[in-house]
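A.B. asks: Fold the following for me, if possible:
(chains A, B, C and D)
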Protein chains: 2
Amino acid sequence: MGDLPLSKTDRKNKVNNPKSDYETGLSDDEQLDLRIWLRLLTCTHLIERRVRKNLRDDFDTTLPRFDVLAQIDRAPDGQPMRELSNRLMVTNGNITPLVDRLVDDNLIKRDPSTEDRRVQHVSLTSEGQNALDKMIPAHSSWVNSLMANLDRESALDLHKLLGDLKNSILKAEIE
Amino acid sequence: MGDLPLSKTDRKNKVNNPKSDYETGLSDDEQLDLRIWLRLLTCTHLIERRVRKNLRDDFDTTLPRFDVLAQIDRAPDGQPMRELSNRLMVTNGNITPLVDRLVDDNLIKRDPSTEDRRVQHVSLTSEGQNALDKMIPAHSSWVNSLMANLDRESALDLHKLLGDLKNSILKAEIE
DNA sequence: ACTTATTACTTTAGATCTAAACCATTTAAT
DNA sequence: ATTAAATGGTTTAGATCTAAAGTAATAAGT
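C.D. replies: Alright, predicted model coming up:
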């Protein structure tokens, strides 16, 4: 895919890079990619576990509920359910009961769209906004403290490389 | 925490870095950490979605089942349930029914430990080993293709930085 | 020996998730 | 206009997950 004569994809080709780990049958590049994937997963799990616990201990709520509230907050005028499930990257069938419960708890509200009768616009109630306003800085500080041992330059590099990775994935998804 | 005079933790201090985003009330470093966390989550979700779909389409199985099989494979002589849940970073109560189903499908087997009557050693059956041997290279190639647009140097950097992040998290967990 | 943790695993209750089927509405294509 | 396709949302079935309680066996402290 790359324009460079020595792109990684070339080097991955077993004709160009016959050295494989005999035990696994995987090339060096494949091994590296798998290790990246494992670390990605580990970091995600570790952070999620901490955030989950803190949300429960400090706010008696759950991560998916917080995620929904935080996402709704990003569109103050309300947003359709589909946008929620897209942004949160979960299936649409998952959002409905989550929103149901948050509506029951009077933290968010559903308003039918005037333009499209299929659409339900979801937005925060003042109670929901209040609750979220307390959670946002706490959540931020938790993540912050987990990354405190990463110097700023590394953090900037990591942010950039994760952006590259995301683009690589999206490019691969298209084909 | 850092030994350097201008460590990130110092700069995070609002006295030293009074510039905050007025809208969010978060410092630049906090914003950066949150963005890293978001990208981490996005990449993880995107890869998981793809792997999940491919496992279903090509092998008619699920990601948690594959994870359990792959983890069991790493300890050929069998390993206790606890080690499984530790390495897969899920609660122990989650592993039991997953293992139950895989045993029912004759892909793995449980053997009581001779040394400790509480322990159940889990290992692959030959059927399970056969199934897994087909999945491993496929899984690797999927991950590989998702990262194909990342050049090798970036991949190495990313691997290293994710290691740094992991260490930072673990250090923070201890306190 | 005896009591008290601790550990390995299971069980329970309930929330969350996926995939797939479904309904209603809107859009596109004749 | 009429049909066909796409879209937004819900529902369903079933798997996966967490947290917390429970059970049995081991380890540690006195």
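
A.B. asks: and the residue in chain A positioned nearest to DNA strand C, what does it touch?
C.D. replies: Residue nearest to DNA strand C within chain A (CB to the nearest atom of the strand): residue A:93, separated by 2.7 Å. For every residue, glycine as well, the C-beta is placed using N, CA and C. Listed by CB atoms under 8 Å, 6 or more residues apart in numbering or on different chains, residue A:93 has no contact partners.

A.B. asks: Where does it sit, in terms of helix or strand?
C.D. replies: helix A:92-104 (DSSP states H and E).

A.B. asks: Could you do residue A:117 as well?
C.D. replies: Using DSSP H and E, no helix or strand contains residue A:117.

A.B. asks: From chain B, how far out is it?
C.D. replies: Distance of residue A:117 to chain B, computed by CB to the nearest CB, to the nearest Å: 30 Å.

A.B. asks: how far away is that residue from residue A:72?
C.D. replies: 21 Å (CB to CB, to the nearest Å).

A.B. asks: So between those two, which is more surrounded?
C.D. replies: Between residue A:117 and residue A:72, residue A:72 has the larger neighbour count (other CB atoms under 10 Å in any protein chain shown), namely 26 against 8.

A.B. asks: what about the helix holding residue A:93, distance to the chain center?
C.D. replies: Distance of helix A:92-104 from the chain centroid (CA atoms, centre = their mean, to the nearest Å) equals 19 Å.

A.B. asks: Restricting to C-alpha, output it in PDB.
C.D. replies: What follows is helix A:92-104, C-alpha atoms only, in PDB (Å, rounded to 0.1, in the frame of the first residue of the first chain):
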ATOM      1  CA  ASN A  92     -27.900   0.200  18.300                       C
ATOM      2  CA  GLY A  93     -29.900  -2.500  20.200                       C
ATOM      3  CA  ASN A  94     -27.600  -1.900  23.100                       C
ATOM      4  CA  ILE A  95     -28.400   1.800  23.400                       C
ATOM      5  CA  THR A  96     -32.100   1.500  23.700                       C
ATOM      6  CA  PRO A  97     -32.300  -0.200  27.200                       C
ATOM      7  CA  LEU A  98     -29.400   2.000  28.400                       C
ATOM      8  CA  VAL A  99     -31.300   5.100  27.500                       C
ATOM      9  CA  ASP A 100     -34.500   3.600  28.900                       C
ATOM     10  CA  ARG A 101     -32.900   3.300  32.300                       C
ATOM     11  CA  LEU A 102     -31.300   6.800  32.200                       C
ATOM     12  CA  VAL A 103     -34.700   8.200  31.300                       C
ATOM     13  CA  ASP A 104     -36.300   6.300  34.200                       C
END
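
A.B. asks: so which helix or strand takes in the residue nearest to residue A:101 when sequence neighbours are not counted?
C.D. replies: Nearest residue to residue A:101 in three dimensions, chain neighbours excluded: residue A:65, at 7.6 Å (CB to CB, 6 or more residues apart in numbering or on different chains). Assigned by DSSP H and E, residue A:65 belongs to helix A:63-73.

A.B. asks: Which residues does the one helix or strand residue A:173 maps to contact?
C.D. replies: Assigned by DSSP H and E, residue A:173 falls within helix A:152-174. By CB under 8 Å, 6+ apart, the residues outside helix A:152-174 that reach it are A:1, A:36, A:147, A:150, B:8, B:11, B:29, B:32-33, B:35-36, B:39-40, B:42-43, B:46-47, B:50, B:145-150, B:154, B:157-158, B:161-162, B:164-165.

A.B. asks: redo that, cut-off 7 Å
C.D. replies: With contacts defined as CB atoms under 7 Å, 6 or more residues apart in numbering or on different chains, helix A:152-174 is touched by A:147, B:8, B:11, B:29, B:32-33, B:35-36, B:39-40, B:42-43, B:46-47, B:145-150, B:154, B:157-158, B:161, B:164-165.

A.B. asks: Report whether that helix contacts DNA strand C.
C.D. replies: No. Helix A:152-174 does not reach DNA strand C (CB under 7 Å from any atom of the strand); its nearest approach is 14.0 Å.

A.B. asks: cool, stretch A:123-140 as well?
C.D. replies: No. With CB under 7 Å from any atom of the strand as the criterion, DNA strand C is not reached by stretch A:123-140; the gap is at least 13.9 Å.

A.B. asks: Stretch A:68-77 now?
C.D. replies: No. Judged by CB under 7 Å from any atom of the strand, stretch A:68-77 makes no contact with DNA strand C; its nearest approach is 8.0 Å.
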